[in-house]
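*Asks:* Pasting the sequence and the predicted coordinates here, then a few questions.
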There are 2 protein chains.
Amino acid sequence: MKTVYLDNNATTRVAPEVVDAMVPYFSELYGNPSSAHRFGGQVAGKLNEARERVAALLGAEPGEILFTSCGTESDNTAVMSALATNPGKRHVVTSRVEHPAIRTLGQHLAERGYEVAEVPVDGEGMLDMDRYAGSLRPDTAVVSLMWANNETGVIFPVEEAARMARDQEILFHTDAVQIAGKVPIRLKDSAIDMLSISGHKLHAPKGIGVLYVRKGTKFSPYLIGGHQERGRRGGTENTASIIGLGKACELAGANMERENTEVRRLRDKLETGLTDRIPNSKVNGGDAKRLPNTTSISFEFVEGESILLMMDEFGICASSGSACTSGSLQPSHVLRAMGIPFTMAHGSIRFSLSVYNTEEEIDFVIDKLPPIIERLRSLSPYWDPSKAA
Amino acid sequence: MKTVYLDNNATTRVAPEVVDAMVPYFSELYGNPSSAHRFGGQVAGKLNEARERVAALLGAEPGEILFTSCGTESDNTAVMSALATNPGKRHVVTSRVEHPAIRTLGQHLAERGYEVAEVPVDGEGMLDMDRYAGSLRPDTAVVSLMWANNETGVIFPVEEAARMARDQEILFHTDAVQIAGKVPIRLKDSAIDMLSISGHKLHAPKGIGVLYVRKGTKFSPYLIGGHQERGRRGGTENTASIIGLGKACELAGANMERENTEVRRLRDKLETGLTDRIPNSKVNGGDAKRLPNTTSISFEFVEGESILLMMDEFGICASSGSACTSGSLQPSHVLRAMGIPFTMAHGSIRFSLSVYNTEEEIDFVIDKLPPIIERLRSLSPYWDPSKAA
């Protein structure tokens, strides 16, 4: 059975060019870049090249790029560094729709005596900017807001939010895991102090991430050990994956236009195709500015898990909510924060595309999903076809 | 030029079998193991297999294995978890010869009001067990002692040290990064509560580590995010590297006898060959129980960095001290803790072998190094050939 992979916000295929770039660094050029000999030292040069490629994608300087093991480590490091370097400030601002790497950390901090404000969003998933402005206080150590939501693709105005934080001398971090590589980023001209990205969301492998730290930002390491990353992150460099991430960032830069034309067109076709054919369905955050590759669609009176199961029979891979919170029977905290009614939120499916998706795959889903929803609704005690809208 | 790689305590060649095991998980089976669809779910099964293989090497249960991004993360997590779960205890016991992942963390903790005792070692690098016993206190939260030293290969009696800690209800962690795969470990019958290993020291890739946490041990996560690793470590699983590490642990189990016969024989030959041919040379910790693959040899009145540079001309890769502390002009803190005189410590070279080394390579080093030392000494104002011993 062919796999139709529409779950690219959970993880992506590693680009074959990235694998090719990585493989020599396993069994041939396996030296430790910190070693004094040339066999190790030659790898250090390749790490510098990768750092330059990541910096180029973000409009940053190579010295501002710190390699970590994942988006979660980057997010944790950013917030914990801000708290460690501002010991007198014990207030943190975030939003109600963050990834668990920030949201669970916030709960952890709240249990340890920090005050954590979660700014609400409106029905389209947009940040309430008035509430955000009101949440900033003299004792706020750090703001952490995701740039694009992993479930709905809704894009927050983080540049504006960062300027507001800077005006009050508050550090600003953004989780850019979902947006990096899809929308141009130019940190040089921005007020963002720290930014997280994750390799496996942009066709690099799992287990590699980046924390951008603006030059001059006070920083306290989270993983404490050797002198690696100029003393900012202990642990032997994950050379193959860093080199792979560099290649992936280069590819992402080259593919960005395609993301915003071809991928967007396929996403729009999928969205329209499904909502036109399926009554009582709605795009979550459909009126907001969104990532070009993501759509979250609610199908009223059906269970998301059942839809996934039946799509899986056709090899169609998608998600209800985030992979990082799956296993929970609660509907997504993102959709709940948007005030989406329970009967809709429970039947929400996230489709997330990549440059590897084809028109044929989209047509296949538009063909297969409507009868699945119809069948599931026929089994639902809540569904009344006469009320179809 | 052929590379003679004798720096396996810095990092190892990824075994070709390990690369073969990993590669399918980049561009083909790239699903997220947390996903609800089978494409992701099938990877979760492979992670379980890897967990079983790691557990088998350590004589542990799969549920006690937690995957991290490196030895440093494992070490940091163990100590920070012990402190978080014992908030009333603010005393930490470690040794003077630990890896920076523990030593620098200890300094960090000391700056934050914790009391950190560094137990001394004797001239052979052995832990002073009387001083160790005396360092344990009612307010000791955790002991962290490395099992085998990365520079000298000297093996600490951690089983005995762990029993002494347990008798006083103190958590015991060991950094087993250098010993895992070289000496049998059976955690089932041990008093060790937590243990760190690092993939890239046993022919798995860089960027993957393990923290063993004994069943029933109170635990507090260090990377906070999603539900991965049963809530004990947030962040999408590094699937390819976990699978690679599983394979590497299987290979390490199969190769362990060779490590203790063939590798040991080559190490001994190198050691004897060099110390017989080079006057005023001495094996550091040579009278202690040591790893089979490691030798640290001091060559009096020469600079380690100069030796490395000249060996590098012949493609011979070794190390002065640890790669994690290289760049420092200080002689190794390990050799200083052993009380090795400055004129010896400064000219110390660590050779660390693996199953990939050959007799021919060892003969090559025994042939090339004596004239290098002789030449360097001829340039040294401190060397007096009439005093050669």
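*Replies:* Looks like it came in fine. Here the structure is a predicted model, which means the values were calculated and not measured. Numbers count the residues shown, from 1 in each chain, chains lettered A, B, ... in the order given.
*Asks:* Spell out which parts of the stretch 201-350 of chain A neighbour chain B.
*Replies:* A:205-208, A:223-228, A:234-241, A:305, A:308-309, A:311-312, A:315-320, A:322-328 (CB under 8 Å from any CB of the partner chain). Heads up, the C-betas are built off the backbone N, CA and C, glycines and all.
*Asks:* Tell me where the model's unsure across the stretch 201-350 of chain A.
*Replies:* Applying pLDDT under 70 to the stretch 201-350 of chain A flags residues A:321-329.
*Asks:* What segments of it are strands?
*Replies:* A:209-213, A:281-283, A:294-299, A:316-317, A:348-352 (DSSP state E, counting those that start in this stretch).
*Asks:* now the ones you listed as a markdown table including mean neighbour count?
*Replies:* Output for the strands of the stretch 201-350 of chain A, formatted as a markdown table (neighbours: other CB atoms under 10 Å in any protein chain shown):
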| stretch | mean neighbour count |
| --- | --- |
| strand A:209-213 | 28 |
| strand A:281-283 | 19 |
| strand A:294-299 | 26 |
| strand A:316-317 | 26 |
| strand A:348-352 | 27 |
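*Asks:* Next one: the residue nearest to A:Lys188 when sequence neighbours are not counted, what pLDDT does it get?
*Replies:* In space, A:Lys188 comes closest to A:Gly59 once its chain neighbours are excluded; the distance is 4.9 Å by CB to CB, 6 or more residues apart in numbering or on different chains. Note for A:Gly59: predicted pLDDT of 98.
*Asks:* And A:Ser380, by the same measure?
*Replies:* You'll see A:Ser380 listed with a pLDDT of 85.
*Asks:* Let me see the contact set for it.
*Replies:* Residues in contact with A:Ser380 (CB atoms under 8 Å, 6 or more residues apart in numbering or on different chains) are A:Phe301, A:Val302.
*Asks:* circling back: hmm, A:Ala180 and the residue nearest to A:Lys188 touching each other?
*Replies:* No: A:Gly59 is not in contact with A:Ala180 according to CB atoms under 8 Å; the separation is 11.1 Å.
*Asks:* So the two - more neighbours on which side?
*Replies:* The neighbour comparison of A:Gly59 against A:Ala180 (other CB atoms under 10 Å in any protein chain shown) goes to A:Ala180, with 26 against 14.
*Asks:* Check the spacing between the more buried one and B:Leu29 real quick.
*Replies:* 24 Å (CB to CB, to the nearest Å).
*Asks:* same deal with A:Ser319?
*Replies:* From A:Ser319 to B:Leu29 the distance is 17 Å (CB to CB).
*Asks:* quick one, phi psi at A:His173?
*Replies:* Here is the backbone geometry of A:His173 (degrees, to the nearest 10): phi -120, psi 140.
*Asks:* Let me know the pLDDT of it.
*Replies:* pLDDT, A:His173: 98.
*Asks:* Dump stretch A:181-189 to CSV, restricted to CA.
*Replies:* In CSV, the C-alpha atoms belonging to stretch A:181-189 read as follows (Å, rounded to 0.1, in the frame of the first residue of the first chain):
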residue,chain,number,x,y,z
GLY,A,181,11.8,27.1,6.1
LYS,A,182,8.3,28.0,5.1
VAL,A,183,8.3,31.8,5.5
PRO,A,184,11.3,34.1,5.2
ILE,A,185,12.9,35.1,8.5
ARG,A,186,15.3,37.9,9.0
LEU,A,187,16.4,38.1,12.6
LYS,A,188,19.0,40.7,11.8
ASP,A,189,16.2,43.3,11.6
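*Asks:* buried sites along that stretch?
*Replies:* A:Gly181, A:Lys182, A:Val183, A:Ile185, A:Leu187 (16 or more other CB atoms under 10 Å in any protein chain shown).
*Asks:* Off-centre distance for it?
*Replies:* Here the centre of stretch A:181-189 is set off from its chain's centre by 15 Å, with CA atoms, centre = their mean, to the nearest Å.
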